[in-house]
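S.K.: 3D, please:
(chains A and B)
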Amino acid sequence: MNTLNTAMVEKYRNDFLKEVEENVEEGHWVKMCMQCGVCSGSCPFGPDWEHPPQEIFMMIRAGKRDEVLATESMWMCTSCYNCIVRCPRELPITHIMHGLANYAHRLGLAPKMNPTRRFAKIFWNNIAKTGRVNEMALSLKLYFMDGFASGVKKSLAMAGVGLGMLKTKRLNPFTLFRHKGVEKPKQLQAMLKKAKEIEDRRKGLAS
Amino acid sequence: MAKKQYSFYPGCTSERKASAANYMVSVNAMCEKLNIKLNEIPDWNCCGASIGYAEGGELPRHVMNARNIALSEQHNPKQDIVATCAACWLGAKESSERLSASEQLLADTKEVLKEAGLDVQLKNETPIRHMVEVLIEDIGYEGIKEPMAKPLEGIKFAGYVGCQTNRPFGVDGESFENPMYLDKMVETVGGEAITNYERKVTCCGGALAFSEPEKSQVQIKDIIEAAYDQGADMIVTPCPVCQMNVEVYQGQINKTYNTKFNIPVTYYSQLLTVAYGGDIKQAGLDGNIIRAKRLEEIASK
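M.R.: Predicted coordinates for the structure are as follows:
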């Protein structure tokens, strides 16, 4: 088991609400939920959530730590912000879902094969390298994340889309070899490393 | 009239040969006609976009945006930051608000910028705005109409506002459920707006169009179907992610659902550029995979 996770289990015992309040982005809002369910009904991917946001909030209060952190639910968030603008209590639901997903991911409890978790990791590594998105590398990395054979299959399925983008000069294959980002990518990488260090220290996530 | 100056945050998709390169082309042409000068923030970086949270967490994400804000304050002082991409606008604005709300976050951010050897001051006092806000609030509908040379007569547009240009910040005075500015813009340049377009603010799946294509394509299918139902000739949007998702997957959706979708998805800036007399190239219409023929006809007249 992830040592960070063990430490958190030790620290918070059965008080999962407190753990969320202290460690999850905007987690201090969770207790404000009044269980009206508008968020769940407003979510574009609503039916695909094993536990919709309203349920997640109640599960947090009920101390259902393992179920909440291991669910694919938060990974269904498309960041459409519909729940945020409709919540009568004005909970920043989108951010709480992002925060829970990030926390579960940090503790090694998030579902390993969830495609959005994997894509998000590829995406962040992509931008952290040069400071700007390399779209060509991003797409290929995503298609080939399950290995070569499946990558070829997915790339072929996407060939029509890619060709359209190429023809209209909205995709640049040469960025695979050279991609221009910020002037000093090393400085940007150092900045992100430092930011992570401080955040981990503040949240007790430093290993 | 003196040129209006803004500190411009173009964002990754706007770059040459990136997915919204043609958006940028049309924004440049549009701004030229409206006497708007965009001063690019030198050496800007990615905003972290909507899925940066998963691996990036909080502080690293806010630091990315803070770097852009600081660079803007240094190089383009006293100019509002303007973004054309919904995610860039949202990311920058969100970080700016969080930094204003928390002294610790602000102090941490400044420490990181300094330690990384970035010789920048961060005041975090700059308004962060979307290009449509500049058009509506600073130029105004009358001003938008002024340079019009060719009204977009006879074209029916489904104004697809989408999510992140609309929520959580949105445009002042507009509702989240039924914002009207895009329709008003269409009508201002002589087009016919489908004001009761049902899928105006429906989510296209955003970044999950990549990771959860089947689920996202159900959304996209609804967005397109509703446009056809109302007899739209084309869809118009302010967001580069909406534009791409709704345009490029039509072939795959046709295969899965046995539909015959082939509807152009354009940017508001392309409409304005054509209305202002711009040609196909200036309006970036050669960058649309599904060509907007009715607009091209007007552009080549």
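
S.K.: CA atoms for contacts and neighbours, from now on please.
M.R.: Will do.

S.K.: show me where the chain dips below the pLDDT cut-off.
M.R.: Went with chain A since none was named. A:1, A:207 (pLDDT under 70).

S.K.: wrong one, chain B
M.R.: Looking at chain B by pLDDT under 70, you get B:1.

S.K.: residue ranges for the helices of it, please.
M.R.: Per DSSP state H, chain B carries helices over the ranges B:21-33, B:52-56, B:59-75, B:86-101, B:103-115, B:131-133, B:140-145, B:181-188, B:208-211, B:213-229, B:240-248, B:250-257, B:268-275, B:293-299.

S.K.: want to throw those into CSV with mean neighbour count and distance to chain A?
M.R.: Shown next, in CSV, are these (neighbours: other Cα atoms under 10 Å in any protein chain shown; distance: least, Cα to the nearest Cα, whole Å):
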stretch, mean neighbour count, distance to chain A
helix B:21-33, 23, 6
helix B:52-56, 24, 5
helix B:59-75, 25, 5
helix B:86-101, 21, 10
helix B:103-115, 18, 6
helix B:131-133, 21, 19
helix B:140-145, 16, 26
helix B:181-188, 21, 18
helix B:208-211, 21, 5
helix B:213-229, 19, 7
helix B:240-248, 23, 6
helix B:250-257, 15, 8
helix B:268-275, 28, 15
helix B:293-299, 18, 15
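
S.K.: number of nearby residues for residue 169?
M.R.: In the absence of a named chain, chain A is used. A total of 20 residues lie near A:Lys169 under the criterion other Cα atoms under 10 Å in any protein chain shown.

S.K.: actually chain B
M.R.: 15.

S.K.: likewise A:Met113?
M.R.: 10.

S.K.: so who does it touch?
M.R.: Counting by Cα atoms under 8 Å, 6 or more residues apart in numbering or on different chains, A:Met113 makes contact with nothing.

S.K.: one more pass at 10 Å, please.
M.R.: Shown in contact with A:Met113 (Cα atoms under 10 Å, 6 or more residues apart in numbering or on different chains): A:Glu72, A:Asp146.

S.K.: quick one: secondary structure of it?
M.R.: Recorded secondary structure, A:Met113: coil (DSSP: H, G, I helix; E, B strand; the rest coil).

S.K.: in TSV: the helices of chain B, plus distance to A:Glu90.
M.R.: Listed next are those as TSV, based on distance: least, Cα to Cα, whole Å:
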stretch	distance to A:Glu90
helix B:21-33	34
helix B:52-56	21
helix B:59-75	22
helix B:86-101	16
helix B:103-115	22
helix B:131-133	24
helix B:140-145	31
helix B:181-188	25
helix B:208-211	25
helix B:213-229	26
helix B:240-248	26
helix B:250-257	36
helix B:268-275	31
helix B:293-299	42
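
S.K.: out of these, which gets nearest to A:Met136?
M.R.: helix B:208-211 (12.9 Å; Cα to Cα).

S.K.: on contacts alone, who are the packing partners of the closest one?
M.R.: helix A:115-130, helix A:135-143, helix B:213-229, helix B:240-248 (3 or more Cα pairs under 10 Å, 6 or more residues apart in numbering or on different chains; DSSP states H and E).

S.K.: coming back round to it: and the helices of chain B: which comes nearest A:Leu109?
M.R.: helix B:52-56 (12.9 Å).

S.K.: run a quick neighbour tally on residue 41.
M.R.: Assuming you mean chain A. Neighbour tally, A:Gly41, other Cα under 10 Å: 16.

S.K.: if you could check chain B rather than the one you did, that'd help
M.R.: B:Ile41 has 23 nearby residues by other Cα under 10 Å.
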